[in-house]
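*Asks:* structure for this input, please:
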Amino acid sequence: MMTYENYIAHVEFDDEAEIFHGEVINTRDVITFQGKSVKELKKAFIDSIEDYLQFCAERGEDPDKPFSGKFNLRLDPELHREAVIAAKEDGLSLNQWVAEAITHMLHEKHM
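*Replies:* Reported below is the predicted structural model:
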């Protein structure tokens, strides 16, 4: 992962083409970059973000900000009902309960 100005990119290496390629993963807009070396890749990443921000400014548009903290979740109705009941049993709102569940899963993943 690479980070610049709160934009996060995922990078892969194509061994056939012998090139790194990356994509910003925390925005709905598509921002990609590539490089043959780590140094070239880092520069291309920063340049791509700067170009994106400049492009938005020139068009008078707000750039897509990395994650607002809001997302819609679609669940099976029965799972939704069970989650609401579990949240109420824990004395939490559904939002708090889901946030705690996600936090727990992320901690488990990184242990």
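
*Asks:* all contacts plus neighbour counts: C-alpha atoms, from now on.
*Replies:* Noted.

*Asks:* next SSE downstream of the longest strand seen in the chain?
*Replies:* Determined from DSSP state E, the single longest strand within the chain is strand 7-14. Downstream of strand 7-14, the next assigned helix or strand under DSSP states H and E is strand 19-24.

*Asks:* from Thr103, how far out is Asp29?
*Replies:* 26 Å (CA to CA, to the nearest Å).

*Asks:* now swap in Asp47 and tell me
*Replies:* Distance from Asp47 to Thr103, counting by CA to CA: 33 Å.

*Asks:* for Ala17, same thing?
*Replies:* According to CA to CA, Ala17 stands 38 Å off from Thr103.

*Asks:* now swap in Val24 and tell me
*Replies:* The gap separating Val24 from Thr103 is 23 Å, by CA to CA.

*Asks:* which of those two has more residues huddled nearby?
*Replies:* Neighbours per residue, other CA atoms under 10 Å: of Val24 and Thr103, the larger number sits with Val24, 24 against 12.

*Asks:* tally of neighbours for the closest residue to the more buried one other than its chain neighbours?
*Replies:* Spatially, and ignoring its direct neighbours in sequence, Val24 is nearest to Ala9 (4.0 Å; CA to CA, 6 or more residues apart in numbering). For Ala9, the neighbour count with other CA under 10 Å is 20.

*Asks:* got it, and the one 3 residues further on?
*Replies:* Applying other CA under 10 Å, we find 12 residues neighbouring Glu12.

*Asks:* contact partners for it?
*Replies:* Glu12 makes contacts with Phe20, His21, Gly22, as judged by CA atoms under 8 Å, 6 or more residues apart in numbering.

*Asks:* out of the residues you listed, flag the one nearest to Glu40.
*Replies:* Phe20 (9.2 Å; CA to CA).

*Asks:* now do the domain split for the chain, please.
*Replies:* The record's domain parsing of the chain by automatic domain parsing lists 2-59, 77-109.

*Asks:* quick one: end-to-end distance for the first one.
*Replies:* Right, domain 2-59. Domain 2-59 has an end-to-end distance of 27 Å (CA to CA).
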